[in-house]
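Q: sharing a sequence plus its predicted fold:
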Amino acid sequence: QVFPSQDPLDRADFNAVEYINALFPTEQSLANIDEVVNKIRLKIRRLDDNIRTVVRGQTNVGQDGRQALEEAQKAIQQLFGKIKDIKDKAEKSEQMVKEITRDIKQLDHAKRHLTTSITTLNHLHMLAGGVDSLEAMTRRRQYGEVANLLQGVVNVLEHFNKYMGIPQIRQLSERVKAAQNELGQQILADFEEAFPSQGTKRTGGPSNVLRDACLVANVLDPRIKQEIIKKFVKQHLSEYLVLFQENQDVAWLDKIDRRYAWIKRQLVDYEEKYGRMFPAEWCMTERIAVDFCHITRAELSKIMRTRAKEIEVKLLLFAIQRTTNFEGLLAKRFSGCTLADGTGKKPEVPPPSTNPFLEDETGAETDEIVMEKSDTDKPKKPKVPDNPFHGIVSKCFEPHLYVYIESQDKNLGELIDRFVADFKAQGPPKPNVDEGGAVLPSCADLFVYYKKCMVQCSQLSTGEPMIALTTIFQKYLREYAWKILSGNLPKTTSSSGGLTITSLLKEKEGSEVAKFTLEELCLICSILSTAEYCLATTQQLEEKLKEKVDTSLMERINLTGEMDTFSIVISNSIQLLVQDLDAACDPALTAMSKMQWQNVEHVGDQSPYVTSVILHIKQNVPIIRDNLASTRKYFTQFCIKFANSFIPKFINHLFKCKPISMVGAEQLLLDTHSLKMVLLDLPSIGSQVVRKAPASYTKIVVKGMTRAEMILKVVMAPHEPPVVFVDNYIKLLADCSTDTFQKILDMKGLKRSEQSSMLDLFRLRLPAPPPGGDGSGSLSLSAPTPEQESSRIRKLEKLIKKRL
């Protein structure tokens, strides 16, 4: 790597044999062997000379190295000596600087101490003079000068906190404290003299002395300020306690306006007389209003407990309305900064909630519940009320809201009874195909009333009364579902189990089956649409109730049971529609099973029973579809349920068609295909607008009717040889049930002996069930290949295509 070389002799994998073969590739080249040997010998001699020269050159290397080391050691010693000299000189320089600056440091310390002493003496002079002046001004009640002086004295005294061990300083501090105590007592006495607490007659009034005294109170102990505020507010509201005693007529709820009118007059009077006496930061007007609210709440609570039996709903609502209006007025006038102050108790503001009273009151009572879908996609959080005075008085009404709840319970009961009576008097809604199934008007009326009650109750309380109201809502939602909706569903002529196949088979062929009239079908669709509207609106009602109620009570609001009730009404309505159409088709299927299919001689048009089934479908389905235009998903459910009911019934009647000739099987196959096409077109049958049927419905029809076609194709197949017949059956139907196979044999009209051998063969040819399977027959429908079908089946398919 250090000296790259292309010489083969320098390679790590040098091979002597290969090297020689490279020098002498042929026998003729051996003629130059002497020349090659001489070249190699010359090269060897050159290498020896080089090695010898290198070895000789290294003879004196050790001696030169020792000499260089000695010289380096000498240089290091010289460098160390120079560094030591520099260090000694630096120490001498430092010592010299210290000696020069020693006197300067002493002068600096002296200056600092002198400055501190002068400042302290000045402060002491100011403190001593200030204390003397303070005591003199206090005796002369010069509060205007005292306010500024006292603050300065207190500030100066703070500089002497670390000198309190000196007796003179401690004595001055005690004099300041004594002056402050004397000022506090003197100011309280002045206010007591100006505003005596005994009696309602005020001998004094506002003055400049008292205004300055308030400025002094700001500097004194906060308790002095609190005492002044407390006594003044108490004296200012003493007249209120006398005028609105419990035994006075004006104290009752019907005259609650007079309370609020009185405090409004008092606040105006205060602003005119005493507005400039107290500092603005004391917020005296708000404090008077807040204390008035606390007293009013206590007085109202006491009088309502005493006269609880006299409380009526209208009276209670009137009092609450006036009180909440007053609280709103306070919120507009004051900021609420004193609510958490020590002079009054903080009102029990309810937890975060959506207070509709803060919105447009008239609109909140008349608007219907309009809850957009986009709002329900996102979880909503209750917002904190903007009114800090909310509940400061109106909280006292909450224990008596049971009167309101009981009234709403009674009103809703009467409303439901009126709905029932109106329905009986007016009868079912008139058929209106153009507009679709109409929602019952009573449904909208009920939820509008719910909206009004919810908004009104949320103004009164967002606590337990809202839970009680929710319970009332749940009660009458269930009653509406059963009395108005389920109670008015048309009844079938059969037993409670509905129309049964057995009862229909007992009827004579060609007899008419009791069907719902056009009005009854429209009524069922209208009830279904109403239940669907109630289901959606109940879900939105639950969300709105959770917005209105306290956060801690949200989990107790659950209308899932009521939504399930409306879902049951919807399911029952759809089932009635399915039963009606299904029962109308039963006589046709019964006629099919009673036909002599072994006597059919030729394949013609579709059979009369198919025409009858199609006729009933064309009569009922367009009416149902048009009346359920607003709820397409439930019309799809109706189609799916009908297909799930009709197709198995059709297959069961197929099995009753026995025996069947080949031509009869072809006719049945043609009929089956006709029914299949009608069922596929069922959702849009008789409609001018052709819509593609839902994939879920199409899958059910194709799967079920293809099975019926496969059954007929198996019947048409020859049973000889038996092995081929059994294998074709397994491939076409994939049904491992011996009962189904037995029914196929009965349809073919085989004798019992032939059937027995066929059944034994069928059991032997059955594929082994998968691990963990129950061995029951599956209904997977695999389409047969052309090789599996006979020529007659292919001919029949061509005939069907030609006719279509």
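A: Structure's in. What do you need? Being a predicted model, the structure only gives us computed values, none of them experimental.
Q: how close does Glu547 get to Val455?
A: Separation of Glu547 from Val455 (CB to CB, to the nearest Å): 11 Å. From N, CA and C alone the C-beta is placed, and that goes for glycine too.
Q: what of Phe516?
A: For Phe516 relative to Val455 (CB to CB), the value is 41 Å.
Q: same check on Asn38?
A: Computed as CB to CB, the Asn38 to Val455 distance reads 124 Å.
Q: so those two - more neighbours on which side?
A: Val455 (21 against 10; other CB atoms under 10 Å).
Q: mind checking how far the more buried one is from Leu300?
A: For Val455 relative to Leu300 (CB to CB), the value is 23 Å.
Q: show me where the stretch 651-800 of the chain dips below the pLDDT cut-off.
A: 768-800 (pLDDT under 70).
Q: where do the helices of it begin and end?
A: 662-680, 695-716, 722-733, 738-748, 752-765, 791-803 (DSSP state H, counting those that start in this stretch).
Q: same question, the stretch 501-650 of the chain
A: For the stretch 501-650 of the chain, the helices defined by DSSP H, counting those that start in this stretch cover 501-505, 518-548, 560-594, 608-627, 632-656.
Q: which of the ones you listed sits most buried?
A: helix 518-548 (a mean of 22; mean count of other CB atoms under 10 Å).
Q: what average pLDDT does it get?
A: For helix 518-548, mean pLDDT is 90.
Q: and it, what does it pack onto?
A: Contacts defined by 3 or more CB pairs under 8 Å, 6 or more residues apart in numbering; DSSP states H and E place helix 518-548 against helix 373-376, helix 441-460, helix 464-479, helix 560-594, helix 608-627.
Q: want to throw the helices of the stretch 651-800 of the chain into CSV with mean neighbour count?
A: As requested, the helices of the stretch 651-800 of the chain are exported to CSV (neighbours: other CB atoms under 10 Å):
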stretch, mean neighbour count
helix 662-680, 21
helix 695-716, 19
helix 722-733, 18
helix 738-748, 19
helix 752-765, 14
helix 791-803, 13
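Q: what number of residues lie near Gly391?
A: Neighbourhood size, Gly391 [other CB under 10 Å]: 25.
Q: for the stretch 251-400 of the chain, which spans come out with low pLDDT?
A: 340-386.
Q: can you map out the helices along it?
A: Per DSSP H, counting those that start in this stretch, the stretch 251-400 of the chain carries helices over the ranges 256-274, 284-306, 313-333, 361-366, 373-376.
Q: run the chain-centre distance for the longest one.
A: For helix 284-306, the distance between its averaged C-alpha position and the chain's averaged C-alpha position is 40 Å (CA atoms, centre = their mean, to the nearest Å).
Q: by how many degrees do it and helix 313-333 diverge?
A: 170 degrees (axes from the mean of the first three to the mean of the last three CA atoms, to 10 degrees).
Q: helix 284-306 vs helix 256-274, what angle?
A: Calculated by the same axes, to 10 degrees, helix 284-306 forms an angle of 160 degrees with helix 256-274.
Q: just the C-alphas of helix 284-306, formatted as PDB.
A: The C-alpha trace of helix 284-306 is given here as PDB (Å, rounded to 0.1, in the frame of the first residue of the first chain):
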ATOM      1  CA  MET A 284     -70.200  50.900  47.500                       C
ATOM      2  CA  THR A 285     -73.200  51.000  45.200                       C
ATOM      3  CA  GLU A 286     -72.500  47.400  44.100                       C
ATOM      4  CA  ARG A 287     -72.000  46.300  47.800                       C
ATOM      5  CA  ILE A 288     -75.300  47.800  48.800                       C
ATOM      6  CA  ALA A 289     -77.000  45.900  45.900                       C
ATOM      7  CA  VAL A 290     -75.200  42.600  46.700                       C
ATOM      8  CA  ASP A 291     -76.100  42.800  50.400                       C
ATOM      9  CA  PHE A 292     -79.700  43.600  49.400                       C
ATOM     10  CA  CYS A 293     -79.700  40.400  47.200                       C
ATOM     11  CA  HIS A 294     -78.400  38.300  50.100                       C
ATOM     12  CA  ILE A 295     -81.000  39.700  52.500                       C
ATOM     13  CA  THR A 296     -83.800  39.300  49.900                       C
ATOM     14  CA  ARG A 297     -82.900  35.700  49.200                       C
ATOM     15  CA  ALA A 298     -82.900  34.800  52.900                       C
ATOM     16  CA  GLU A 299     -86.200  36.600  53.500                       C
ATOM     17  CA  LEU A 300     -87.900  35.100  50.500                       C
ATOM     18  CA  SER A 301     -86.700  31.600  51.500                       C
ATOM     19  CA  LYS A 302     -88.100  32.100  55.000                       C
ATOM     20  CA  ILE A 303     -91.500  33.400  53.900                       C
ATOM     21  CA  MET A 304     -91.900  30.700  51.200                       C
ATOM     22  CA  ARG A 305     -91.200  27.900  53.700                       C
ATOM     23  CA  THR A 306     -93.800  29.400  56.000                       C
END
